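Participant: quick check, what structure comes out for this input:
(one chain, ligands or ions: 1)
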Amino acid sequence: MFSLCAEKVQAEIDAVVGSSRLPSLTDRENMPYTDAVIHEIQRMGNIVPLNVAHVANKDTTVDKYTIPKGTMILPALHSVLNDKTMWETPDSFNPQHFLDQDGKFRRREAFIPFSMGKRSCLGEQLARMELFLFFTSLLQRFSFSAPAGEQPSLEFKLGVTRSPKPYLLCAVPH
Ligand code: HEM
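Facilitator: Model (predicted):
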C-alpha cells in the first residue's frame, strides 16, 4: 500500500518541483496528496500516544465527567487518532482521510498528534516544516522498499514515544 502512495507522491514531486531544484515550503500548497500522506503517516505513526501528563489546576467539568482539582490526566492521543467515529478507516493507512472529493487537502478535527490547547507542542510548526522538506527531498531522489523477500514490519518500541524497531530499507535512486 505505502509503495503505491510513494509512487503517487513522487509523481506529484516530479510535476510540481521537478528534479533541478530541492522542494521548498511554498510547494506544499500545490502538493495536496503529499501533504495528505504526511498527515496520514503522523496519524498512524502516533509517536506520542499517551501525550504528556497534565494536572487539573481547578475542579473541572468535561461533558458528563467531573475532574477534581489535582487529578493527574494522561490524554490518550492514540484513542483520538484511531477513533472509529472520526476516521473512515482508522486501522488502515489511507491518505484519503485528508483529501476531499476534488483531491484538495482537508483538515480533520481529530488530527491531534501535537496535542491541543495552551500546552500543545511548541515545535509543531518547525516539525511540520521539517517533515515536509525531509520527506519530499528524500522521495525526490530515492525510492524506498523492504529488502527482497522481507515484509516491512509495523512493530514498535514503546517508551515516552513510540519508535520503530530497527529494520532494513533499500534506497534506490529515483
Ligand atoms: C513530529 C514531531 C513532534 C510531535 C508529534 C510532537 C508532539 C508533542 C506533544 C504531544 C506534546 C505534549 C503537548 C501537551 O502537553 O499537551 C509536545 C510538547 C512539546 N513539544 Fe513537541 N512534538 C514534535 C516535535 C517537536 C519539536 C521539533 C520541538 C522543538 C523544536 C518540540 C517542542 C515541544 C515543547 C517545548 C513542548 C512542551 C510544550 C509545553 O508544555 O508548553 N516538539 N510535543
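Participant: can you confirm Val172 is in a strand?
Facilitator: Yes - counting by DSSP: H, G, I helix; E, B strand; the rest coil, Val172 is part of a strand.
Participant: which SS class is Phe144?
Facilitator: Under three-state DSSP, the three-state class of Phe144 is strand.
Participant: who does it form a beta bridge with?
Facilitator: Ala171 (DSSP bridges).
Participant: and what of Ile73?
Facilitator: His54.
Participant: my read is that it contacts Ile67, right?
Facilitator: Yes - at 7.0 Å, Ile73 and Ile67 qualify as touching, with contact defined as Cβ atoms under 8 Å. Placement of C-beta: from N, CA and C, glycine included.
Participant: what sits in contact with each of those two?
Facilitator: Taking Cβ atoms under 8 Å, 6 or more residues apart in numbering as the contact rule, the neighbours common to Ile73 and Ile67 are Ala56.
Participant: who touches the residue nearest the centre of the chain in this structure?
Facilitator: Centroid-nearest residue in the chain, with Cα atoms, centre = their mean: Gln42, separated by 1.3 Å. By Cβ under 8 Å, 6+ apart, the residues touching Gln42 are 111, 113, 131.
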